[in-house]
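Peer 1: Provide a 3D model corresponding to the input given below.
(chains A, B and C)
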Amino acid sequence: MSELLLPPEHRYAKIIKDQLNEDGSEYSILNLGPTHPATHGIFQNILLMDGERILDAEPTIGYIHRAFEKIAENRPFYQITPLTDRMNYCSSPINNLGWWMTVEKLLNIEVPKRAQYLRVIVMELARITDHLICNSILGVDTGAYTGFLYVFQFREKVYEIYEEICGARLTTNMGRIGGFERDWTPKAFELLRTFLEEFPPAWKEFENLFERNRIFIDRTVNVGPISAEKAMSYGFTGPNLRAAGIDYDVRVAEPYSSYEDFDFIVPVGKSGDTYDRFCVRNAEVWESLSIIRQALDKLPEGPYHADVPDYYLPPKEDVYTSMESLIYHFKIVMGEVPVPVAEVYHAVEGGNGELGFYLVTDGSRTPYRLHFRRPCFIYYQAYPEMIKGAMLSDAIVILSSLNVIAGELDA
Amino acid sequence: MSTRTKLVPPPEGVSGEGFFATKLNDVVGLARANSLWPLPFATSCCGIEFMATMASHYDLARFGSERVSFSPRQADMLMVMGTISKKMAPILRQVYEQMSEPRWVISVGACACSGGIFDTYSVLQGIDKVIPVDVYVPGCPPRPEQIVDGVMQLQELVKNESVRRRNSPEYKELLASYNL
Amino acid sequence: MALETANIQEKIAQKFGNEVLNFETHSGIFTFEVASESAHDAIQFLKEDTELNFHFLTDLCAIHYPDNDVNHQYAVVYLLHNWVENFRIKVKTYLNGENPQVKTVCDLFLSANWMERETYDFYGIAFKGHPQLKRILNMDEMVSFPMRKEFPLEDSGRTDKDDRFFGRTKTNNQHV
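Peer 2: Residues are numbered from 1 along each chain as shown, chains lettered A, B, ... in the order given. A predicted model of the protein is given here:
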């Protein structure tokens, strides 16, 4: 068997030895280990407990560290997209398209309107799926398994839409420099319209199961609150920050990919507790549905990718018949594309907050440095403070409501 | 009853008035194969596809895996889904050691089978470096149908396994090669 | 009043004089360089000045430049954001190659805690005054700092992949 999990010189051992309660009981240590059914992802928390109350927590992460930033220094730009997929794998199109937008910012490429609107549709679909998972798993953690089953049916419908667009279900590897790899087929639009008709009643049903449910409210109201100042200092962004009362949304602050053409509100909570986070995510799903409808109605005709032969692979028929296309194809695949020396930072509103890409290039085919500003990593630091004084079952519910995705945490 | 559902057929044997005689291996294999309780060791993206497999569309519960057990002692098969890093390998081994015989391991996804696309200093290049594996399911991530196919292959393996396998010298040699 | 890059440059240059240099705009983000001893004070000034009010630390990372001279081998990059005026600013500070250290900004921003631990884990940059500077993503027993350019990506001890078939030489970190 392996050695002791908690070496004796750990600070908790000292606290336990020194402190003895009046009735003779003493503090104890609980290991909310890396493999635990209710922590959705592998991260460990060593909890110092007084009976059922948590006094302190020490998180340990890195159990799925896959060295994305190091890999990215050795791969050409189009081979980094599969890496970004696997960061926040519940909403991979947002990661993919955020990366492509960073590269387009670096190369100063203007993406045509149709491609921008299609990107908005895909990103909002991905945001819906991310919030679906988070809220249904929050329901499972409070004991309600039904919501999860109802809602996962609709994730399958979204997977069918993704398959029609790019061929993959979960890790989509979507997009190219300047747009998409192929135009959307009529079947994709049909599937999307069917989804927009069938999903809202099911989502309303899901909301009705939870929002005024006495047991759910008892489990989540005033559980894990965080004030707005603390949230800002801890680097919160996304639905967790908006639940605390600050309406910072990257789509509104720095609109990218034509978000300024759409009319949507940013839902904001009050006290930052678990119930507020749940409701903010619910409201964001409704807003995303409204954005998708607006984008579908206003979708312009036009090319689905920018006219940049230096960076966008030419169609295969041209490669076999025309000399220029053959040369461009060779140069792009071999990586001999003209890349300027620059430093770029671009942020998109991911499912969990501001997902930023800090790209430093030196003119070669691979980035010199690529740093991912991962929202999960930054706001998970606040977890020990949020569970101080709470009971163990509350700690689980708080963790679920924060929507910590292990792939994004460790990268 | 709909004619499209297939019930598990009984094993070969001699039946008569009030009795059915067959081999112990067959009966035990049948019982084990159709009630495999999984221990989902989900670490990353393949875990989401496993959630889709357990959900109502692809329903793994029809194959007997109704009760997922997170306690190693009560589980039959360990489904390792997702990347295992070198920091996580000792924990995976601890979980495997805690499982009681008979136990099987399915390695789901490219990362668990061989390290996947992450050929880096921090990722274990395949879980068969630390524990013995019975079925490998490739894919990145594999479709739920593939995961179900992996479970069905394991069911074939379990049905045909001898009752005495876990005490045999070959098995002990296999475990010894992993220092278990 | 909207923030202009000229105002910011004037204010910072006025306060810090020779220690700040190289005011540029990288792809729309105003950036300047500061000497490593005054990095903490510069960030504090950016945060606490009522007009500048850069109250949010978006990102903190490091870059390794092995080809630079010894005093500019590591760069720590701070990306700050002012939500009220919607203005971003980037602060770069260069550190010595043999003994990279800089004062921590954990007292100003609570989110810097883990970001600095990650930077230490990857590059070995010591943040003076950090409450718990130990490894966060890699294994605790690791002795080297993996994001430095001289460290190879692949695990050289792996037996199941033959480097010749991947176009790599015997030492994995040399690109063929």
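Peer 1: Contacts only, for the residue in chain C that chain A sits nearest to.
Peer 2: Proximity of chain C to chain A (C-beta to the nearest C-beta) peaks at C:S111, 2.9 Å away. Every C-beta, even on glycine, is put in place using the N, C-alpha and C of the backbone. Residues counted as contacts of C:S111 (C-beta atoms under 8 Å, 6 or more residues apart in numbering or on different chains) are A:S233, A:Y234, A:G235, A:I378, A:Y379, A:Q381, C:L57.
Peer 1: need the residues of the stretch 151-300 of chain A near chain B, please.
Peer 2: Residues of the stretch 151-300 of chain A lying close to chain B (C-beta under 8 Å from any C-beta of the partner chain) are A:F152, A:Q153, A:R155, A:E156, A:Y159, A:R169, A:L170, A:T171.
Peer 1: is it possible to export the contacts of C:S111 to CSV including secondary structure, distance to A:S28 and pLDDT?
Peer 2: Converted to CSV, these look like this (DSSP: H, G, I helix; E, B strand; the rest coil; distance: C-beta to C-beta, whole Å; pLDDT from 0 to 100):
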residue, secondary structure, distance to A:S28, pLDDT
A:S233, helix, 31, 91
A:Y234, coil, 28, 92
A:G235, coil, 32, 91
A:I378, helix, 31, 92
A:Y379, helix, 28, 91
A:Q381, helix, 25, 91
C:L57, strand, 36, 93
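Peer 1: contacting residues for the nearest residue to the residue of chain C closest to chain A once chain neighbours are set aside?
Peer 2: Spatial nearest neighbour of C:S111, chain neighbours left out: A:G235 (2.9 Å); criterion: C-beta to C-beta, 6 or more residues apart in numbering or on different chains. By C-beta under 8 Å, 6+ apart, the contact set of A:G235 is A:I378, A:Y379, A:Q381, C:F56, C:L57, C:T58, C:F109, C:L110, C:S111.
Peer 1: what's the helix or strand for B:P142?
Peer 2: Taking DSSP states H and E as the definition, one finds B:P142 inside no helix or strand.
Peer 1: Now do the same for it: its pLDDT.
Peer 2: In this model, B:P142 is scored at 93, pLDDT.
Peer 1: How much space separates the spatially closest residue to B:E161 that is not a sequence neighbour from chain A?
Peer 2: Nearest non-adjacent residue to B:E161, counting by C-beta to C-beta, 6+ apart: B:G29, 6.2 Å away. Counting by C-beta to the nearest C-beta, to the nearest Å, the separation of B:G29 from chain A is 29 Å.
Peer 1: Is A:V158 in a helix, a strand, or coil?
Peer 2: helix (DSSP: H, G, I helix; E, B strand; the rest coil).
Peer 1: Closest one of the contacts of A:G235 to A:L106?
Peer 2: Nearest to A:L106 out of these is C:T58 (C-beta to C-beta; 18.5 Å).
Peer 1: Low-confidence stretches in chain C?
Peer 2: C:1-2, C:167-176 (pLDDT under 70).
Peer 1: List the contacts of residue 53.
Peer 2: All of this is about chain A. A:G389, A:A390, A:M391.
Peer 1: um, chain C though
Peer 2: C:K47, C:N82, C:V84, C:E85.
Peer 1: Find me whatever residue is spatially closest to the third one, sequence neighbours aside.
Peer 2: Here the nearest residue to C:V84 in space, its sequence neighbours aside, is C:N53; by C-beta to C-beta, 6+ apart that works out to 6.4 Å.
Peer 1: Would you point out which residue of the stretch 151-300 of chain A is nearest chain C?
Peer 2: Nearest to chain C, among the residues of the stretch 151-300 of chain A, is A:G235, at 2.9 Å (C-beta to the nearest C-beta).
Peer 1: Next one: A:M1, what pLDDT does it get?
Peer 2: pLDDT at A:M1 comes out at 34.
Peer 1: wait, A:E181
Peer 2: So, for A:E181, pLDDT stands at 88.
Peer 1: Double-check that it belongs to a strand.
Peer 2: No - assessed by three-state DSSP, A:E181 does not belong to a strand; its assignment is coil.
Peer 1: who's in contact with it?
Peer 2: A:E181 touches A:C166, A:G175, A:H305, counting by C-beta under 8 Å, 6+ apart.
Peer 1: Now do the closest residue to B:A55 other than its chain neighbours: how many residues are near it, please.
Peer 2: Spatially, and ignoring its direct neighbours in sequence, B:A55 is nearest to A:F152 (3.8 Å; C-beta to C-beta, 6+ apart). Applying other C-beta atoms under 10 Å in any protein chain shown, we find 20 residues neighbouring A:F152.
Peer 1: how about the residues of chain B that lie near chain A?
Peer 2: B:41, B:43-45, B:48-49, B:51-52, B:55-57, B:70, B:82-83, B:85, B:87-88, B:90-91, B:94-95, B:97, B:117-118, B:120-123, B:140-141, B:143.
Peer 1: For the residue most central in space within chain C, give the beta-bridge partners.
Peer 2: Nearest to the geometric centre of chain C sits C:V76, at 2.2 Å (C-alpha atoms, centre = their mean). C:V76 has these beta-bridge partners by DSSP bridges: C:A62, C:T93.
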